[in-house]
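Asks: Build me a model from this:
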Amino acid sequence: MSAWPSVLVFAAIAGTAGLVGVWLMWRHETWARRHTSELITFASGLLVAGSLLHLLTRAGEMAGELPAMTWALVAFVTLYVSENHFLPHPHARIEEECGHLHAHSAAGFGWVSILGLALHSVLDGVAVGAGFSASYVTGSVIVALVVSHKLPVGIASMGVLYHGGVPRGRAVRYSAAVALVTPVAVLVSYVFLRGAGTQLIGVLVAAAGGSFLYVGAADLLPEGQASAPGRSTFAFLLGVAVMVVVLLLAPHDVV
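Replies: Alright, predicted model coming up:
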């Protein structure tokens with residue numbers, strides 16, 4: 001049976017998650033501001049658990065343990081360097097005592113942030129395409145990880161843009177366009193990777209695992225903890241628990 005129906009559905013889901021984040025910030029800014037820390041740390045729990053318990057182990061089976069861990073480390077380090085020096089990734093930190101959303105990034109707002117988000121969306125799409133080329137379960141796990149952090153990042157990107165002086169309507173259009181990059185990248189990457197060898201797919205899954213581990217542990221988790229440590233701890237543990245349950249219930253014969 002062709003995997004195309006599943007790929008199309010999950011590509012649409014991955015794109016929709018970012019759009020939902022944009023919509024929440026556009027129409028329900030107060031609610032989004034109040035709950036961003038929980039959303040961020042819940043996503044972090046999913047990302048960390050999914051990377052360690054499935055993606056990296058699956059990549060090790062396909063590409064070999066040392067190559068898989070090497071490429072995961074390369075992805076982790078590359079994201080760290082790029083976000084801190086070249087393409088800053090926007091976040092949203094809630095300062096509850098003054099009732100404001102303070103958007104911040106290493107190099108401000110505008111086209112640099114948009115470019116960074118667009119590149120991140122492309123990488124998310126390639127990760128999903130590689131995942132479905134490996135197996136249905138791996139693709140589904142990667143989609144869950146992409147969806148989990150797209151929603152809070154959609155909220156944050158809107159905050160970075162229009163709280164940084166970009167008109168509200170233009171911020172919505174820019175953020176929506178960035179969100180739609182992911183499903184396009186999913187389809188394109190799946191077309192090109194369908195006939196790829198197991199070693200290459202394993203390397204890409206390893207890189208996806210390393211990048212998601214960075215986003216979850218080094219990027220999102222500190223951001224959420226800075227705002228509401230009590231609620232954030234519960235949200236993080238809930239994210240880990242949900243991913244563990246999902247993997248326990250996954251059909252292992254197709255992993």
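Asks: for the host helix or strand of Thr182, packing partners?
Replies: Counting by DSSP states H and E, the element that carries Thr182 is helix 168-193. With contacts taken as 3 or more C-beta pairs under 8 Å, 6 or more residues apart in numbering; DSSP states H and E, helix 168-193 sits against helix 4-27, helix 111-134, helix 136-162, helix 198-213. Yep, even glycine has a C-beta here, placed from its N, CA and C like the rest.
Asks: quick one, the first one and helix 111-134 angle?
Replies: So the one you mean is helix 4-27. Inter-element angle recorded for helix 4-27 and helix 111-134: 150 degrees (by axes from the mean of the first three to the mean of the last three C-alpha atoms, to 10 degrees).
Asks: any idea of the mean pLDDT for the next helix or strand after helix 4-27?
Replies: The element immediately downstream of helix 4-27 (helix or strand, assigned by DSSP H and E) is helix 29-50. The average pLDDT for helix 29-50 rounds to 87.
Asks: Does anything pack onto the next helix or strand after helix 29-50? Which helices or strands?
Replies: Next along the chain after helix 29-50, taking DSSP H and E as the criterion, comes helix 56-63. Packed against helix 56-63 by the contact rule (3+ C-beta pairs under 8 Å, 6+ apart) you find helix 65-85, helix 198-213.
Asks: ok so, going back, can you say which of the helices and strands packed on helix 168-193 is packed in most?
Replies: Comparing those on average neighbours per residue, with mean count of other C-beta atoms under 10 Å, the densest one is helix 136-162 at a mean of 26.
Asks: Where does the prediction get shaky in this structure?
Replies: Applying pLDDT under 70 to the chain flags the ranges 1-2, 87-114, 162-164, 251-255.
Asks: sorry, back to before: columns distance to Gly18 on top of the helices and strands packed on helix 56-63, output as a markdown table?
Replies: Formatted as a markdown table, these follow (distance: least, C-beta to C-beta, whole Å):
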| stretch | distance to Gly18 |
| --- | --- |
| helix 65-85 | 18 |
| helix 198-213 | 16 |
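Asks: Compare those and report which one is nearest to Leu123.
Replies: Nearest of the helices and strands packed on helix 56-63 to Leu123, taken as C-beta to C-beta: helix 198-213 at 6.5 Å.
Asks: So what's the gap between that closest one and the chain middle?
Replies: 14 Å (C-alpha atoms, centre = their mean, to the nearest Å).
Asks: From the contact counts, what lies against it?
Replies: Checking 3+ C-beta pairs under 8 Å, 6+ apart, helix 198-213 ends up next to helix 29-50, helix 56-63, helix 65-85, helix 111-134, helix 136-162, helix 168-193.
Asks: how about the last one: buried residues?
Replies: To tie it back to what came earlier, the one meant is helix 168-193. If you call a residue buried by 16 or more other C-beta atoms under 10 Å, then helix 168-193 has these buried ones: 171-172, 174-176, 178-183, 185-186, 189-190, 193.
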